[in-house]
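A.B. asks: give me a model of this one.
(one chain, ligands or ions: 2)
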Amino acid sequence: MGSLYELTREELGASLTGEPRFRVDQLWRGLWREDRLVDEVTTLPKGLRERLALEHPSSLTAINEVVSDGGATTRWVFALHDGATIETVLMAYEDRVTVCVSSQAGCAMGCSFCATGQAGFTRQLSVGEVIEQVVVAARAGAPRRLSNVVFMGMGEPLANYDVTVGVLRRLHEERGMSARHLTVSTVGVAPAIERLAGEGLALTLAVSLHSANDEVRNDLAPINRRYDLTRLAAACRHWIEETGRRLSFEWALIDGVNDTDRALDELAAYTRPLAAHVNLIPLNPTPGYLVRGSAPERVRAFRDGLIARGVNATVRNTRGRSIDAACGQLATVTRGKPGLRRDGSTTTVALRNKPL
Ligand code: SAH
Ligand code: SF4
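C.D. replies: Residues are numbered from 1 along each chain as shown. Ligands and ions are numbered 1, 2, ... in the order given. Here you go, the predicted model:
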């Protein structure tokens, strides 16, 4: 049987046939409000706990864990029951604690600059496999409370639509997280953005734009050949009108490709009518894409250029970059080389081969 985190409170009740209602409440509270593993829900009788733990084993086995930034960033590689691997990153900031989750093992979208895209698609994740990433991270981040979940790990969340929405609903309704602290990042699956706008969830949406020129974007993100920039802008407008929420564009600055003055003008013209916020991040180099990220001076100049053109722009905090946290580097660096950091500094590596 699958993860207990697949189940809503109602469904938990249905699966605990013959048990009194207060047992369901104890289990629900332990799982969703106290981040406990089922065998730690000590309010339940031992026999019941053991049976549930046997019937619903953990979905994730940590095969690698790397801690950096003085303990503020943790990155895991998890093996799933069939051997597929995914990655999850926990980032503690002064004002928030964020987990970056994977929504798929691999990704079929084929973005040229992205390590996950280069590796291809393995399979969809289930609701339980995504929620358990959140729970593992929440436990590791304790006693601080996990405040934010971002779908910026492996995979395209809107290509695993029902699971993504199921996860969002459970995080909001069962785990009690504020919807605006849940961020879905998409490469731009236009019809799915429109559908998401109708789900009644006041989420934060990030669109990975990277180019406001169809020819260039066709190469960077092949989804653009299906849903071009005009179609994408229509979906963004629909999102804004339907949800009343702003959205942001992600822009990985690539030397000579999308950091030119022309790219700046194109981005400003595309963004202004949507009043979107732009998050700039220098491209992280990946083995399959031999182009460099923009130099720090160019990143700053690009940001200033956007601001001068009336666009709200920030350079994304790149802390955690030494372990390539959350930025399309997932799936490469740790594979076969636990704990290796590209800047050569030391890391703490803990190999845990037991289910969490
Ligand atoms: N599939 C979704 C979410 C996962 S990717 C999406 O594309 O939005 C998360 C973010 O990392 C996206 O903004 C993506 O464009 C960015 N990214 C991918 N590869 C990168 C790289 N090499 N350097 C910097 N950002 C990258
Ligand atoms: Fe998939 Fe996002 Fe990577 Fe594109 S950037 S290949 S959509 S994970």
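A.B. asks: which one is residue 7 nearest to, not counting chain neighbours?
C.D. replies: Distance criterion Cβ to Cβ, 6 or more residues apart in numbering; nearest residue to residue 7, sequence neighbours excluded, is residue 15 at 6.3 Å. Where C-beta positions appear, they are placed from N, C-alpha and C, glycine not excepted.
A.B. asks: next one: residue 166
C.D. replies: residue 127 (4.4 Å).
A.B. asks: close enough to count as contact, that neighbour and residue 4?
C.D. replies: No: counting by Cβ atoms under 8 Å, residue 127 stays clear of residue 4, with 11.0 Å between them.
A.B. asks: neighbour count for the two, which is higher?
C.D. replies: residue 4 (27 against 23; other Cβ atoms under 10 Å).
A.B. asks: what's the pLDDT at the closest residue to that one other than its chain neighbours?
C.D. replies: Excluding the flanking residues, the one nearest residue 4 by Cβ to Cβ, 6+ apart is residue 56, at 4.6 Å. Residue 56 carries a pLDDT score of 92 in this model.
A.B. asks: tell me the contacts of residue 56?
C.D. replies: Taking Cβ atoms under 8 Å, 6 or more residues apart in numbering, we find residue 56 in contact with 1, 2, 3, 4, 38.
A.B. asks: for the second one, helix, strand, or coil?
C.D. replies: When classified by DSSP: H, G, I helix; E, B strand; the rest coil, residue 2 comes out as coil.
A.B. asks: with residue 88 instead?
C.D. replies: Residue 88 is classified as strand under three-state DSSP.
A.B. asks: that one - how many residues pack around it?
C.D. replies: Residues near residue 88, counting by other Cβ under 10 Å: 28.
A.B. asks: do the same with residue 55
C.D. replies: 12.
A.B. asks: strands of the stretch 51-200 of the chain, start to end?
C.D. replies: Assigned by DSSP state E, counting those that start in this stretch, the stretch 51-200 of the chain shows strands spanning 61-68, 73-79, 85-92, 97-100, 104-106, 121-124, 148-151, 182-186.
A.B. asks: tell me which of those lies nearest to ligand 1.
C.D. replies: Smallest distance to ligand 1 across these (Cβ to the nearest ligand atom): 3.7 Å, for strand 182-186.
A.B. asks: any residue of the closest one up close to ligand 2?
C.D. replies: No: against ligand 2, strand 182-186 shows no contacts by Cβ under 6 Å from any ligand atom, the least distance being 7.3 Å.
A.B. asks: got the phi and psi for the residue nearest to residue 4?
C.D. replies: phi -130, psi 70 (degrees, to the nearest 10).
A.B. asks: give the bridge partners for the residue positioned nearest the centre of the chain, please.
C.D. replies: The chain has residue 151 as the residue nearest its centroid, 2.1 Å off, counting by Cα atoms, centre = their mean. Beta-bridge pairing for residue 151 (DSSP bridges): residue 184.
A.B. asks: so what's it up against?
C.D. replies: 100, 101, 103, 157, 164, 183, 184, 185.
A.B. asks: what does residue 257 give?
C.D. replies: Listed by Cβ under 8 Å, 6+ apart, the contact partners of residue 257 are 211, 216, 220, 263, 291.
A.B. asks: do you know how far the third one is from residue 158?
C.D. replies: It stands for residue 220. Distance of residue 220 to residue 158, given as Cβ to Cβ, to the nearest Å: 18 Å.
A.B. asks: residue 99: neighbour count?
C.D. replies: For residue 99, the number of neighbouring residues by other Cβ under 10 Å comes to 24.
A.B. asks: excluding its backbone neighbours, what's nearest it?
C.D. replies: Nearest to residue 99 is residue 137, by Cβ to Cβ, 6+ apart, at 3.8 Å.
A.B. asks: make sure the one you found is actually in contact with residue 146.
C.D. replies: Yes: counting by Cβ under 8 Å, residue 146 is a contact partner of residue 137 at 6.3 Å.
A.B. asks: ok, back up a step: any chance of the contacts of residue 257 in JSON lines, plus secondary structure, distance to residue 170 and pLDDT?
C.D. replies: As requested, those are exported to JSON lines (DSSP: H, G, I helix; E, B strand; the rest coil; distance: Cβ to Cβ, whole Å; pLDDT from 0 to 100):
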{"residue": "211", "secondary structure": "coil", "distance to residue 170": "35", "pLDDT": "98"}
{"residue": "216", "secondary structure": "helix", "distance to residue 170": "38", "pLDDT": "98"}
{"residue": "220", "secondary structure": "helix", "distance to residue 170": "33", "pLDDT": "97"}
{"residue": "263", "secondary structure": "helix", "distance to residue 170": "39", "pLDDT": "98"}
{"residue": "291", "secondary structure": "coil", "distance to residue 170": "39", "pLDDT": "81"}
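A.B. asks: which of the residues you listed lies closest to residue 302?
C.D. replies: Of all the contacts of residue 257, residue 302 sits closest to residue 263, with 8.3 Å by Cβ to Cβ.
A.B. asks: spit out the contact partners of that closest one.
C.D. replies: 211, 212, 213, 216, 257 are the contacts of residue 263 under Cβ under 8 Å, 6+ apart.
A.B. asks: ok, now with 7 Å
C.D. replies: residue 211 (Cβ atoms under 7 Å, 6 or more residues apart in numbering).
A.B. asks: look up how far residue 20 lies from it.
C.D. replies: Distance from residue 263 to residue 20, by Cβ to Cβ: 63 Å.
A.B. asks: can you give me the helices in the stretch 201-350 of the chain?
C.D. replies: 214-220, 229-243, 261-271, 296-308 (DSSP state H, counting those that start in this stretch).
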